[in-house]
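Asker: turn this into a model:
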Amino acid sequence: MAVYVKDNSSCLKESLRDFSKDMAVEVTLAGNTSFPNEYANTPWGLQQVLLYIKETYGNPPVYILENGQRTPQSSALEDTTRIEYLSSHIEAVLHSIRKGSNVKGYFQWALMDLFELFNGYEKSYGLYYVDFKDPNLKRIPKRSAYWYSSFLMGTLHHASSAAAL
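Answerer: Got it, this is the predicted structure:
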């Protein structure tokens with residue numbers, strides 16, 4: 001996700017501090033955060049970071065790990081916002097590469113839904129839905145699994161359209 005960071009070093013004067021205060025910054029989320037169950041779709045942030053790394057650090061190889069969208073568990077199979085998120089972020093990576101960024105790999109956040117530290121089973125992260133109530137942990141591909149598979153195989157006709165499936 002994209003965030004704006006502002007100096008807040010005055011919090012270092014406090015006697016009781018935590019991780020957030022030790023950073024001595026004020027963090028504000030960028031983009032539309034009106035959906036509390038999903039991350040704002042801000043592919044421009046990824047593109048800017050990749051170009052910043054290129055210019056500031058001599059263009060080292062970059063691997064993007066764990067990029068993806070969380071969705072409510074209740075909408076697990078129809079995850080069109082995940083498709084839109086992945087499509088736009090992959091497009092941002094492509095634009096960065098075309099501008100000379102040395103991106104070597106891009107990896108979707110999670111293959112299957114998992115138990116998340118802060119959200120338990122309330123959020124959905126993977127391309128495959130896992131039925132945690134089933135003793136066999138049945139796995140069902142989501143709409144995004146079909147989209148991502150088509151994208152990787154080069155058979156996707158409208159890469160930026162979630163409705164293309």
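
Asker: all strands for the chain, in order.
Answerer: Counting by DSSP state E, the chain has strands at residues 3-7, 25-29, 62-67, 71-72, 103-108, 110-112, 123-124, 126-130, 139-141.

Asker: including mean neighbour count and mean pLDDT, could those strands go into CSV?
Answerer: Glycine gets a C-beta too; all of them are placed from N, C-alpha and C. Listed next are these as CSV, based on neighbours: other CB atoms under 10 Å; pLDDT from 0 to 100:
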stretch, mean neighbour count, mean pLDDT
strand 3-7, 10, 89
strand 25-29, 13, 86
strand 62-67, 14, 92
strand 71-72, 20, 79
strand 103-108, 14, 94
strand 110-112, 15, 78
strand 123-124, 23, 80
strand 126-130, 21, 87
strand 139-141, 14, 91
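
Asker: out of those, nearest to S88?
Answerer: Closest approach to S88 among those is made by strand 62-67 (10.9 Å; CB to CB).

Asker: compute the inter-axis angle for that closest one and strand 103-108.
Answerer: Strand 62-67 and strand 103-108 are oriented at 10 degrees to each other (axes from the mean of the first three to the mean of the last three CA atoms, to 10 degrees).
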